[in-house]
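Novice: the amino acid sequence is not available; the structure is as follows:
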């Protein structure tokens, strides 16, 4: 069975040729069909960039300078734009980071879900709305019919995130990219959202690339995980193995820096500065190498 | 949490009544003034007591009916040729309304399209449009109108053409800026992630967000169009000489302002009330149409 997503040796740079900064330096990962993979890393590690590169949502000044992104064996980078757009939202979906701003503020919730369904499934307006109602019920929104007629500012953040999750799973995608979907939510809502994502994944059988900086979230719902730093993959494997016996010193340091209920707060240690500097120095050395190799 | 969010809003029918109430006195006053203006223009032949062109030199410069020496047959008096001022005011409203509606709508249509194109494509297309707007705005509008009227000849069409040619920039500039702002929002990225193309995003996501802005501008523009028509008819290059216009009435009244001040004061009052009416209407509609302000 082909993997849902295969990223090989992906390089992404931001900025103009002379002053370009590398944000991904040969990152590779694979998400098997139906697999939930956590993609962890600190701020600036390039984890969101990787998700955006898959969706073709890189900022205007960012370019893919090397590597391939394959979705079910098809090359997303080389694919013509209309074909790629046909996949987005239908076969590859996004759960965005910020539920507060990711819904159109002047359109009713129902109209937004219906627009997606009509765009991809060519449903009639009425069918789209009744399907939207089912989708809202599926994400445990009470009184879905009434919520369809509300505007985003009239519902809570947790509900907005549910609406976005419903939209992500609306067309039975085989790959969902969850870009820190729980970061903007408070802890109690976070858990509900995670359970919801897991339930929908099981029902729809989608693979999920779960981008997050929260190891706790990864431990809860991801079977496999990839640790990213400075645009490079440092470690990957089954979540249980990686968390129990991290091989890379950075992963160990990251774990030691994560607060846990069964450990006193004093046991927390920040990631050592020297380790981070080493990693960045290595990344810069790689940049120089590739620069000389090119010229 | 779910329940809390649902308490705030009720069904769509009560939302409309609430919205109408919230429009407040501005909306109502503006709608009333514009409504009266449009009705008067439409029903001019029915409500005008006299033919606006009928001269009666025996009863020239009669004061309004309620002052001493007034004639009840001429409620607002007569001008220096003995024509009924009230009838002339009523017929002048036709020109004003026609110019306001047609010119403002055309200017808006052109401006919105160019603004959307410039704002969404960016690059040299944006540069070209923006420079065009700059150059256009630097040119004195009334002078341009006079040149246009001289080239294509006087008449309603040339008045409208002059206003459209000058005032599309107002819409284009605002729409371009707002399009750029909206396209940077997360919901626009989310729309790209569901596979919408540029046209789809502009039509389905951006345009609804521009509605409150455009409606406000449109109403203000109608007021401005009335003013431009007044200026052009004041200097005598608007519609044909025998068609009554407010600007023309001011020009005639100016010569006898010491003997018969009402002949000049009345059209000025009409102009002020119309422009205020359009501005208030625009203000009120903006509040009414913006879902975020509908709390």
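Specialist: Received, thanks. Quick caveat: nothing in here was measured; it's all calculated off a predicted structure.

Novice: flag every residue of the stretch 51-200 of chain B that's near chain A.
Specialist: Within the stretch 51-200 of chain B, the positions near chain A by CB under 8 Å from any CB of the partner chain are B:185-187, B:189-197, B:200. Every residue, glycine included, has its C-beta placed from N, CA and C.

Novice: just the buried ones from those, in ChimeraX syntax?
Specialist: Buried subset of those, written as a ChimeraX selection, criterion 16 or more other CB atoms under 10 Å in any protein chain shown:
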select /B:185,186,187,189,190,191,192,193,194,195,196,200
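
Novice: surely residue B:221 touches residue B:108?
Specialist: Yes - under the criterion of CB atoms under 8 Å, residue B:221 makes contact with residue B:108 at 6.7 Å.

Novice: which residues are common contacts for these two?
Specialist: Here residue B:221 and residue B:108 have residue B:171 as joint contacts, going by CB atoms under 8 Å, 6 or more residues apart in numbering or on different chains.

Novice: now do the same contact list for the residue of the stretch 101-250 of chain B found nearest chain A.
Specialist: In the stretch 101-250 of chain B, no residue comes nearer to chain A than residue B:194, which is 3.2 Å away by CB to the nearest CB. For residue B:194, the contact set (CB under 8 Å, 6+ apart) comprises A:88-89, A:93-94, A:116, A:119-120, A:167.

Novice: just the closest of the residues you listed to residue A:128, please.
Specialist: residue A:116 (8.4 Å; CB to CB).

Novice: I'd say that closest one and residue A:89 touch.
Specialist: Yes - look at residue A:116 against residue A:89 with CB under 8 Å: they come within range, at 6.1 Å.

Novice: overlap in contacts of these two?
Specialist: With CB under 8 Å, 6+ apart as the test, residue A:116 and residue A:89 both reach A:171, B:194.

Novice: okay, now the nearest residue to residue B:85 once chain neighbours are set aside: neighbour count?
Specialist: Of all residues beyond its chain neighbours, the one nearest residue B:85 is residue B:76 (4.3 Å), with distances taken as CB to CB, 6 or more residues apart in numbering or on different chains. Residue B:76 is flanked by 22 other residues according to other CB atoms under 10 Å in any protein chain shown.

Novice: do the one 5 residues further on as well
Specialist: A total of 13 residues lie near residue B:81 under the criterion other CB under 10 Å.

Novice: any idea how far it is from residue B:57?
Specialist: Separation of residue B:81 from residue B:57 (CB to CB, to the nearest Å) stands at 7 Å.

Novice: residues contacting residue B:244?
Specialist: Applying CB under 8 Å, 6+ apart, the residues near residue B:244 are B:52-53, B:88-89, B:91-92, B:95.

Novice: direction included, what does the strand or helix carrying residue A:236 pair against?
Specialist: Using DSSP states H and E, residue A:236 sits within strand A:232-238. Here strand A:232-238 has these sheet partners by DSSP bridges: strand A:224-229 (antiparallel).

Novice: now do the partner strand, average pLDDT.
Specialist: Strand A:224-229 carries an average pLDDT of 91.

Novice: what's that strand in contact with?
Specialist: A:27, A:29, A:35-42, A:45-47, A:50, A:218, A:233-239, A:242, A:248, A:250-251, A:254, A:279.

Novice: got a list of what the residue nearest the centre of chain B touches?
Specialist: Geometric centre of chain B, nearest residue: residue B:222, 0.8 Å, by CA atoms, centre = their mean. Shown in contact with residue B:222 (CB under 8 Å, 6+ apart): B:100-101, B:104, B:278.

Novice: what helix or strand does it sit in?
Specialist: Residue B:222 belongs to helix B:207-234, assigned by DSSP H and E.

Novice: same question, residue B:128
Specialist: Going by DSSP H and E, residue B:128 is in helix B:123-138.

Novice: and that helix, what does it pack onto?
Specialist: helix B:85-121, helix B:156-184 (3 or more CB pairs under 8 Å, 6 or more residues apart in numbering or on different chains; DSSP states H and E).

Novice: check which element follows that helix along the chain.
Specialist: Following helix B:123-138 in sequence, per DSSP H and E, is helix B:141-152.

Novice: gap between residue B:29 and chain A?
Specialist: 26 Å (CB to the nearest CB, to the nearest Å).

Novice: where does that residue fall, secondary structure wise?
Specialist: Residue B:29 belongs to helix B:12-42, assigned by DSSP H and E.

Novice: following that helix, which helix or strand shows up next?
Specialist: helix B:44-47.

Novice: and that next one, what other elements does it pack with?
Specialist: Identification of packing neighbours for helix B:44-47 by 3+ CB pairs under 8 Å, 6+ apart yields helix B:85-121.

Novice: for residue A:74, grab phi and psi.
Specialist: Backbone torsions of residue A:74, given as degrees, to the nearest 10, read phi -100, psi 140.

Novice: that one: how many residues sit nearby?
Specialist: That count, for residue A:74 with other CB under 10 Å as the rule, works out to 14.

Novice: cool, the one 4 residues further on as well?
Specialist: Burial of residue A:78 is recorded as 10 neighbouring residues (other CB under 10 Å).

Novice: helix, strand, or coil at it?
Specialist: Under DSSP: H, G, I helix; E, B strand; the rest coil, residue A:78 falls in the coil class.

Novice: for it, report the pLDDT, please.
Specialist: Note for residue A:78: predicted pLDDT of 87.

Novice: now do residue A:112
Specialist: pLDDT, read off for residue A:112, is 91.

Novice: one more: residue A:208?
Specialist: 93.

Novice: who's it bridged to?
Specialist: Going by DSSP bridges, residue A:208 forms beta bridges with residue A:36, residue A:176.

Novice: can you list the weak-confidence ranges in the chain?
Specialist: Let's take chain A. Residues of chain A meeting the criterion pLDDT under 70: A:1, A:17-18, A:261, A:294-295.

Novice: switch to chain B, please.
Specialist: Across chain B (using pLDDT under 70), the flagged ranges come out as B:1-23, B:141, B:240-241, B:291-295.
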